[in-house]
Structure formats: C-alpha cells, structure tokens
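Build the 3D model from these lines:
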Amino acid sequence: GLDIANVNALNLLHLAPGGHVGRFLVWTKAAFEQLDKIFGTFTQASSVKKNFTLPQPMLTSTDVTRIMQSEEVRRVLKAKKLQTKKPSRFTKPTNGIKNRRLRLKLNPFTKQATNAAKGMRHKESRDSRRKSKAARLSKVKKSLKKTQKK
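This next block holds a predicted model:
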C-alpha cells in the first residue's frame, strides 16, 4: 500500500513499523528542506524545537567488528571467564530391585540367575528337562529295585 505522512508530524511507528528500518520512502524537495528547520543540523540548532540539536555520532568508523578485534580494544578488555561445569542432573539409582544396573553392581550373580530363569521358560528346554529328569528317575528306580531284591 501507500502511506502519506506530513513532515511536521513524523512518527517513527509509521516510518518503521515494528522497528524494522528499511521502508522505501519518497521525499519531496520541500519536505526534505523542512527537515533541517524541524530537527536542525549538526552545526545549527532547530528553529521549531527549542534547545534541540542533532546528536553527534559516537563512531567515526562504522566497521564495528574491526574495532572490536583490534589490539587496542583487546588489551583493555578483561580475560574471558571460563564457565564452571554445571552439576549433573543425573541422580544415582538407589533401588536395586527396580534398577537393573544397580542390581548387577550389587550382586553380579543376578545376571546368571536371570538367564537361567529365561531358559526355564522356553518350551523346548522345559521338555528336554522333563525327559532328562524322567530318565534319571527311571535309573534310580531300577537301581532301587535291584537293591531291594537282594
């Protein structure tokens, strides 16, 4: 869109909405000459605003990165502070029943017992255990019958 502003009633919010400088402005020659009367120059005070002069620029060079990296500035600056290491947010586990890592640390045999319990649950291993148990019992029964006959 197109906005029209009076030079006598300039508003920063209209010239740079949202604080974003870079809006395309078209000035008339009369409005540009009027700016010197309203705001003054670096050498003359304003004729419209009492006791108002333009502020003097602080920097003569606009290359701020070169200035910050210069040896004169670095020599005056304090040394960079090293950040202290933040304490860990990790808390050590205290319940060995719920925490597997702590349980293994407290009792290393737990891993073997757990693996053995897993083996007991499989159907194939269960059947083979039952067969081997039956074979052992039958051997024992035979040996008992032989000893009883004698």
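
okay, now residue 105: neighbour count?
12 (other CB atoms under 10 Å). (C-beta placed from N, C-alpha, C; glycine too.)

cool, and the one 3 residues further on?
When neighbours are defined as other CB under 10 Å, residue 108 has 9 of them.

Ok, residue 45 next?
Here the number of neighbours of residue 45 (other CB under 10 Å) works out to 13.

how much space is there between the nearest residue to it once chain neighbours are set aside and residue 129?
Distance criterion CB to CB, 6 or more residues apart in numbering; nearest residue to residue 45, sequence neighbours excluded, is residue 53 at 5.1 Å. For residue 53, the distance to residue 129 (CB to CB, to the nearest Å) stands at 101 Å.

same thing with residue 92?
According to CB to CB, residue 92 stands 40 Å off from residue 129.

which of those two has more neighbours?
Neighbour count, other CB under 10 Å: between residue 92 and residue 129, residue 129 has more, with 13 against 7.

Now do the SS call for the residue lying closest to that one once chain neighbours are set aside.
Setting aside the residues directly before and after it, residue 129 is nearest to residue 120 in space (CB to CB, 6+ apart), at 7.9 Å. For residue 120, the assignment made with DSSP: H, G, I helix; E, B strand; the rest coil gives helix.

Look at residue 120 and report its pLDDT.
In the predicted model, residue 120 carries a pLDDT score of 79.

contacting residues around residue 108?
Counting by CB atoms under 8 Å, 6 or more residues apart in numbering, residue 108 touches no other residue.

Actually, residue 48.
37-38.
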